[in-house]
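Coordinates for the following, if possible.
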Amino acid sequence: MRERGEDKSSADAPEAESLGAEFWSSARVVMPGGKTSVHLRLDSDVVEWFKANGKGHLTRMNAVLRAYVEAQRR
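Predicted structure coming up:
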């Protein structure tokens, strides 16, 4: 991505350490499940808190809900 000019990180940012062949030999592709569009009324302060942490606030909200569901399933 850097060579194509698509990398938004600093040019002098350190390179990450390689994960190694062993990691990639056991890696698998996991396709995400489908999504459902919903209209949801939330408390304004909750939405503002998520938005204050930057782009991707809806994704983070979904992650919190997913963590709750997973915890309830245990």
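
Backbone dihedrals for the spatially most central residue of the chain, please?
Computing the C-alpha centroid of the chain and ranking residues by CA atoms, centre = their mean puts Thr59 first, at 6.6 Å. Torsion angles at Thr59 (phi, psi; degrees, to the nearest 10) stand at phi -60, psi -40.

Likewise for Ala16?
In terms of degrees, to the nearest 10, the main-chain angles of Ala16 are phi -70, psi 150.

contacting residues for it?
For Ala16, no contacting residues are found, by CB atoms under 8 Å, 6 or more residues apart in numbering. (C-beta placed from N, C-alpha, C; glycine too.)

Helices of this structure, start to end?
Counting by DSSP state H, one finds helices in the chain at the ranges 20-26, 44-52, 57-73.

Save those as TSV, and put in mean pLDDT and distance to Ser10 too.
Supplementary listing: those in TSV, determined by pLDDT from 0 to 100; distance: least, CB to CB, whole Å:
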stretch	mean pLDDT	distance to Ser10
helix 20-26	89	25
helix 44-52	96	24
helix 57-73	94	24
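
Select, out of these, the one closest to Met1.
helix 20-26 (18.4 Å; CB to CB).

just checking, what packs against the closest one?
Using 3 or more CB pairs under 8 Å, 6 or more residues apart in numbering; DSSP states H and E as the contact definition, helix 20-26 packs against no other helix or strand.

re earlier: adding distance to Val38, write the helices of the chain out as CSV.
Compiled in CSV, these are given as follows (distance: least, CB to CB, whole Å):
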stretch, distance to Val38
helix 20-26, 36
helix 44-52, 14
helix 57-73, 11
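
Ok, which of these comes nearest Lys8?
Comparing the helices of the chain by CB to CB, helix 57-73 comes nearest, at 17.7 Å.

That closest one to helix 44-52, inter-axis angle?
110 degrees (axes from the mean of the first three to the mean of the last three CA atoms, to 10 degrees).

Nothing else from me, thank you.
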